[in-house]
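Generate a structure from the sequence data that follows.
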Amino acid sequence: MNLVTLSASYLRARPLNTALNVLLLALGIATITLLMLATAQLEERMQRDARDIDLVVGAKGSPMQIILSGIYHLDVPTGNIPLKAAQELSGNRLVAKAMPLAMGDSFNGYRIVGANVDYVAHYGAQLAAGRLWSTPMEAVLGAEVAARSGLGVGASLKGVHGIGGDGDEHADTPYGVVGVLKPSNSVLDRLVLTSVESVWQVHEVHHELKDAEDRKAMEEGREVTVLLVKYASPLAAATLPRFINGQSELQAASPAYETARLFRIAGAGVEVLRGFALVLVLAAGLSVFIALYNALEERRSDLAVLRTLGARPAQLMALMMLEGVLLALAGALLGLALGHALTGVLGNWLAAEQGIVLTGFTWLGEELALLALALLVGILASLLPAWIAYRTDIAKTLSDV
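Predicted structure coming up:
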């Protein structure tokens with residue numbers, strides 16, 4: 001007697017009940033899978049983008065906003081800081097490295113960021129074509145920007161004022177594309193990079209300079225948006241943020257602290273969804289139990305006949321447990337597939353709206369635990385019906401037929 005074939009036949013005989021049980025379990029597993037994949041990828045991406053950046057210095061405002069705008073380019077900057085103050089901080093003995101960024105314009109929704117070439121080296125990005133910028137008004141495209149815009153080396157682009165891409169176009173100050181970066185799985189993929197001087201030039205082109213004093217005043221008033229800082233020693237972590245925050249025009253924000261706080265805030269919502277998904281899984285287990293118990297009542301005579309044909313009690317017990325396991329396995333596999341598909345859909349939407357990349361084509365070791373959880377639910381749901389099948393009284397059952 002082939003128990004797997006027989007169990008599958010019984011499940012096919014009740015297609016609606018089987019489909020509902022599988023779907024209920026699949027929805028719970030899919031929700032947990034989506035949360036796991038999204039959380040793991042976001043945490044990994046944020047840690048990668050913030051690596052070797054100990055402090056972000058920006059204008060006074062929300063520390064979280066400084067981090068989101070200065071590292072991840074997901075928010076509006078709190079303002080600009082004087083270039084002179086940024087240069088003085090860069091020369092501080094507690095600072096090992098400082099990378100200034102100048103922002104304010106965008107191209108097709110992608111941010112134009114003024115930086116030094118060491119910003120590219122910081123993320124280990126490599127050129128796919130062309131070279132890095134060396135003079136003002138030269139631009140290098142991130143891999144995603146190049147792919148979506150269709151631009152390459154030799155093309156030109158015009159930025160628009162503002163981060164959202166709906167400001168006035170800087171028609172008289174086009175950038176010449178001199179390079180395209182290879183995909184680096186970092187924030188650089190979705191940026192247009194140029195020199196800090198280029199950003200100044202775009203916004204200073206309409207200034208009317210009457211003499212050398214006007215030019216000097218303009219140059220002294222230049223600003224950058226943020227400064228990305230790496231500590232020179234452990235002592236800097238204790239003293240530098242306090243020193244910076246004591247200045248009227250500067251504010252320091254710690255990427256490690258602010259990203260941890262962000263995930264704590266988001267974690268409450270994630271836990272609620274995860275709890276809802278676990279309720280779905282438990283409800284699916286209860287549904288499987290009810291379905292198997294009802295099926296057992298309808299199938300008592302079949303089990304008695306199987307006993308008379310030579311089936312052992314242990315085989316009848318295994319038959320009922322196999323049904324629960326097959327239901328759980330089908331629900332788990334469907335749920336995992338659905339969870340990956342939903343992650344891909346969410347990733348496409350986030351990429352278009354926020355520039356956040358998620359993919360469904362990645363697997364986590366924790367998914368094996370999800371599969372084991374589903375199988376455990378199936379086994380527990382089938383234990384009582386299986387035990388009743390094991391205790392089937394042949395004579396009494398056949399006499400009642």
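
Pull the distance from stretch 369-382 to the chain's centre.
28 Å (CA atoms, centre = their mean, to the nearest Å).

Also stretch 28-38?
12 Å.

Mind listing residues that contact that stretch?
Residues outside stretch 28-38 that contact it (CB atoms under 8 Å, 6 or more residues apart in numbering): 270, 273-274, 276-281, 283-284, 331-332, 334-336, 338-340, 342-343, 346, 358, 360, 362, 364, 366-367, 370, 374. C-betas here are computed from N, CA, C, even on glycine.

rerun that using 6 Å as the cut-off
The contact list for stretch 28-38 (CB atoms under 6 Å, 6 or more residues apart in numbering) reads 270, 273-274, 277, 280-281, 332, 335-336, 338-339, 342-343, 358, 364, 366, 370, 374.

One more: stretch 109-116?
Contacts of stretch 109-116 (CB under 6 Å, 6+ apart): 73, 101-103, 105-106, 145, 159, 165, 190-196, 198-199.

measure the residue nearest to the spatial centre of the chain to residue 151 for me?
Central residue of the chain (CA atoms, centre = their mean): residue 42, 3.1 Å from the mean position. Residue 42 sits 29 Å away from residue 151, going by CB to CB, to the nearest Å.

Helices of the stretch 151-300 of the chain, start to end?
For the stretch 151-300 of the chain, helices defined by DSSP state H, counting those that start in this stretch occupy the ranges 196-204, 212-220, 234-245, 255-298, 300-308.

By mean pLDDT, show me the worst of the ones you listed.
The weakest mean pLDDT among the helices of the stretch 151-300 of the chain belongs to helix 300-308, with a mean of 68.

After that helix, which helix or strand is next? Please name it.
Next helix or strand after helix 300-308 toward the C-terminus (DSSP states H and E): helix 313-353.

Taking helix 255-298 as reference, get the angle to that next one.
Counting by axes from the mean of the first three to the mean of the last three CA atoms, to 10 degrees, helix 313-353 lies at 140 degrees to helix 255-298.

what about the stretch 301-401 of the chain, any weak spots by pLDDT?
301-302, 304-305, 307, 309, 354-355, 392-401 (pLDDT under 70).

rewinding a little: mind checking which of the contacts of stretch 28-38 are buried?
Buried members of these, counted by 16 or more other CB atoms under 10 Å: 274, 277, 280-281, 332, 335-336, 338-339, 342-343, 358, 370, 374.

Please read off the pLDDT at residue 221 from the model.
In this model, residue 221 carries a pLDDT of 85.

Contacts only, for it.
Contacts of residue 221 (CB under 6 Å, 6+ apart): none.

try 8 Å
residue 82.

Ok, residue 23 next?
331, 334.

Mind checking the pLDDT average for the helix or strand in which it is found?
Assessed by DSSP H and E, residue 23 sits inside helix 15-49. For helix 15-49, mean pLDDT is 90.

Okay, buried residues for it please.
17-18, 21-39, 41-42, 45-46, 49.

How about stretch 231-248?
For stretch 231-248, by 16+ other CB under 10 Å, it's 231, 236, 240, 241, 244.
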